[in-house]
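S.K.: Structure of the sequence below:
(one chain, ligands or ions: 4)
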Amino acid sequence: AKEFGRNQFRFYTSAFSEISNRRMQLEQRLRIAFEQNQLEIFYQPKLDLYTKQITGMEALARWNDPVLGSVSPAEFIPIAEETGLIVPIGKWVLETACRQNKEWQQKGYSPMQVCVNISGKQFLQNDFVPMIERILEECQLSSEYLNLEITEGIALYNIDEAIDKLKMLKKFWISISLDDFGTGYSSLRYIKSLPIDFLKIDRSFIQGILANHIDAEIIRSIISLSHTLGFKVVAEGVEEENQLKILKEMSCDEIQGYYFAKPMSKHEFEKFLIEHGEL
Ligand code: C2E
Ligand code: CA
Ligand code: CA
Ligand code: CA
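M.R.: Residues are numbered from 1 along each chain as shown. Ligands and ions are numbered 1, 2, ... in the order given. Modelled structure (predicted):
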């Protein structure tokens, strides 16, 4: 038993150093990838359940590294957050997504909102609001076509400061989505106090909507409460027609998910818009 224990210990230490090696390698490669402009943005459309129109698209960072291969944002965004790299990367995503959105409008596609994920660290920067203003000004994008996706995490540190910043953004018509609702802290205090326009119900709830009647009732209540408070609801990660049907029956406003479309490169996204009569 003693020997077994020792082997196990050895196993754990080597597993641990493998994890930290990967972590270090990712951090180094991410810096290089960002500096060499190797990050990319994919776009995933969202759909209004009643008008059937595409209302906007979420900008999602992609990293296909020449050495590491494709790395998921679920793996590299947390590293970018820990190292502070998320600040320049996030700014680049904002600039690129806004410029792209303006370009699509100039090419004659129906104007729609581009939704950009904002990490807590980025949001807390002192110059966050003026930076957004500058970006919109530089790409001549009308502010109603930018939506910022925030999570409840931004309010943890200082809720009053978060509310003030959001109000400043809303003064010039930028809309706000509360992302991943149902994971994290999900305090009712947040949805009561944060000035948001959309609430995005996390995919983990949508996954359970057909099989789990408690999940279904939670979703129904979130939708109803959101409408009372005056914001729209987006269901994330809709993969099946049956999920869409029940969401529609529950008066959910918009859906996003593989059922409608996966995230696409800008070229694929243009083709998709054309197929859907948005040009
Ligand atoms: P998120 O903001 O919740 O984005 C939605 C994620 O769900 C995306 O994963 C998307 O590809 C995936 N998804 C959409 N529909 C479906 C579906 O029907 N089924 C399944 N299984 N998945 C679906 P992705 O692109 O891997 O991004 C993961 C997370 O990384 C995002 O979650 C977001 O939190 C973060 N992220 C991505 N890009 C950025 C960025 O530019 N800035 C920041 N701060 N975070 C980002
Ligand atoms: Ca998001
Ligand atoms: Ca989300
Ligand atoms: Ca999520």
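
S.K.: Verify the contact between Gly257 and Val234 for me.
M.R.: No. Using CB atoms under 8 Å, Gly257 and Val234 do not qualify as a contacting pair, with a distance of 9.9 Å. Heads up, the C-betas are built off the backbone N, CA and C, glycines and all.

S.K.: out of the two, which sits in the busier spot?
M.R.: Between Gly257 and Val234, Val234 has the larger neighbour count (other CB atoms under 10 Å), namely 30 against 21.

S.K.: quick check, that one in a helix?
M.R.: No. Applying DSSP: H, G, I helix; E, B strand; the rest coil, one finds Val234 to be strand, outside a helix.

S.K.: Strands of the stretch 1-150 of the chain, residue ranges please.
M.R.: Under the criterion DSSP state E, counting those that start in this stretch, the stretch 1-150 of the chain contains strands at 39-48, 54-65, 69-71, 113-117, 146-150.

S.K.: Could you dump these into TSV with distance to Lys245, mean pLDDT and mean neighbour count added?
M.R.: Shown next, in TSV, are those (distance: least, CB to CB, whole Å; pLDDT from 0 to 100; neighbours: other CB atoms under 10 Å):
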stretch	distance to Lys245	mean pLDDT	mean neighbour count
strand 39-48	14	98	21
strand 54-65	19	97	21
strand 69-71	34	97	11
strand 113-117	24	98	23
strand 146-150	26	97	22
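
S.K.: Show me what from this structure comes close to ligand 1.
M.R.: Residues of the chain lying near ligand 1 by CB under 6 Å from any ligand atom: 44, 60-61, 72-74, 77, 90, 93, 117, 119, 179-180, 203, 237-239, 256-258, 263.

S.K.: contacts with ligand 2 among those, please.
M.R.: The subset of those within reach of ligand 2, by CB under 5 Å from the ion, is Asn117, Asp179.

S.K.: Can you select the buried ones from the residues of the chain next to ligand 1 in PyMOL?
M.R.: Applied in PyMOL, the following selects the buried portion of the residues of the chain next to ligand 1 according to 16 or more other CB atoms under 10 Å:
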select buried, resi 44+60+61+77+90+93+117+119+179+180+203+237+238+256+257+263
